[in-house]
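**Q** Need the 3D shape of this:
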Amino acid sequence: MKLGFVSAILPDLSLQEVMQFAADEGFDCVELMCWPVGKAERRYAGVTHIDVATLDDAKIAEIRALCERTGVSISGLGYYPNVLSPHPEEASACLEHLKKVIAASARLGVGLVNTFIGRDWTRSVEENWERFVQVWKPLIAYAEEMGVRIGIENCPMLFTRDEWPGGKNLATSPAIWRRMFAEIPSDHFGLNFDPSHFVWQQMDYLKPLREFSTKLFHIHAKDARVDKHRLDEVGILATPLEYHVPKLPGLGDVDWGKFFSVLSDVGYEGAVCIEVEDRAYEKTLETRQQALRQSARYLRQFMAGGK
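**A** This is a model prediction of the structure:
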């Protein structure tokens with residue numbers, strides 16, 4: 001396995017600075033964010049370490065040289081919008097940019113894009129399904145043509161009032177994944193699995209590693225702590241951040257020893273990228289970098305291979 005991190009936590013560093021930091025700290029890889037240039041409405045979104053809209057041959061050569069010089073690879077290109085937004089202009093813009101990210105992944109030789117399925121959060125899963133098929137069948141066909149795999153993260157995206165009650169990502173559970181993969185049976189359609197989202201949903205985060213082992217394209221290493229004293233006050237029908245907190249690996253409820261034990265059993269050899277969304281470490285660039293160092297130090301005890 002390769003240990004890396006998600007570049008969204010270092011928005012104030014340039015691509016060169018992110019890759020040099022990764023090299024200096026002994027990381028194997030980085031998932032690089034590819035949002036459109038500009039300010040985003042959502043926390044951790046809107047980070048652009050590769051501007052795919054202006055990517056030309058010279059820039060591609062420069063990025064490849066940077067990877068070679070630092071010895072750090074790109075585990076995947078990350079862009080997490082809502083291509084199923086009920087607002088046509090937003091959905092269309094997200095879809096067009098996602099296609100550019102897929103094309104960039106092919107041109108850079110990365111071969112993987114991590115994203116969300118999206119969802120109209122005001123409608124049920126069933127009511128979203130027809131649109132999911134309409135949008136994603138041709139999108140996966142396009143990814144196949146480009147030789148790029150698509151890893152769907154399992155984050156429900158219902159942390160704020162504007163995402164309530166359905167959330168902005170359809171791909172939240174094994175039941176939905178089975179239906180998704182049956183609807184679009186492609187070797188280029190898989191998962192970017194994050195165990196922390198199963199913790200606060202009170203789901204088994206080990207079982208999917210076995211059933212969906214061939215669909216594990218990428219892993220996010222983020223932890224979560226469910227605060228029982230807060231849950232007792234608001235119940236599971238409250239918005240999730242009222243009773244749980246995103247944490248660094250090792251500071252939450254994920255049993256990382258068991259997680260890596262099963263992950264290695266199923267033969268996973270890909271990237272495991274630390275995703276920092278722990279606000280206790282977000283005050284300064286230095287504390288965010290320290291969060292990556294601390295997380296890496298903790299996770300390396302469970303990982304074979306890598307640096």
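**Q** what are the ranges of the strands in this structure?
**A** Ranges of strands within the chain are 2-6, 29-33, 73-78, 112-115, 149-153, 189-193, 216-221, 223-226, 244-247, 271-274, based on DSSP state E.
**Q** end-to-end on stretch 183-201?
**A** Distance across stretch 183-201, first residue to last, is 25 Å (C-alpha to C-alpha, to the nearest Å).
**Q** which of the residues in that stretch are buried?
**A** 184, 188-201 (16 or more other C-beta atoms under 10 Å). Placement of C-beta: from N, CA and C, glycine included.
**Q** give me the low-pLDDT residue ranges for the stretch 1-150 of the chain?
**A** Within the stretch 1-150 of the chain, the stretches with pLDDT under 70 are 40-41.
**Q** that older thread, to residue 141, which of the strands of the chain lies closest?
**A** Smallest distance to residue 141 across the strands of the chain (C-beta to C-beta): 10.1 Å, for strand 189-193.
**Q** related to what we said a few turns ago, dump the strands of the chain to CSV, plus distance to residue 206.
**A** Shown next, in CSV, are the strands of the chain (distance: least, C-beta to C-beta, whole Å):
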stretch, distance to residue 206
strand 2-6, 20
strand 29-33, 23
strand 73-78, 22
strand 112-115, 21
strand 149-153, 18
strand 189-193, 11
strand 216-221, 12
strand 223-226, 15
strand 244-247, 19
strand 271-274, 15
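**Q** So which of these is nearest residue 295?
**A** Nearest to residue 295 among the strands of the chain is strand 271-274; the distance by C-beta to C-beta comes to 4.5 Å.
**Q** What's the mean pLDDT across that closest one?
**A** For strand 271-274, the mean pLDDT works out to 98.
**Q** what's the offset of it from the middle of its chain?
**A** Per C-alpha atoms, centre = their mean, to the nearest Å, the displacement of strand 271-274 from the mean C-alpha position of its chain is 9 Å.
**Q** contact partners of that strand?
**A** With C-beta atoms under 8 Å, 6 or more residues apart in numbering as the contact definition, strand 271-274 has outside contacts at 1-6, 28-31, 75-76, 218-222, 248-249, 263, 292, 295-296, 299, 303.
**Q** Direction included, what does that strand pair against?
**A** With DSSP bridges as the test, strand 271-274 is paired with strand 2-6 (parallel), strand 216-221 (parallel).
**Q** any chance of these in JSON lines, plus distance to residue 103 and mean neighbour count?
**A** Below are these laid out as JSON lines (distance: least, C-beta to C-beta, whole Å; neighbours: other C-beta atoms under 10 Å):
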{"stretch": "strand 2-6", "distance to residue 103": "21", "mean neighbour count": "25"}
{"stretch": "strand 216-221", "distance to residue 103": "18", "mean neighbour count": "25"}
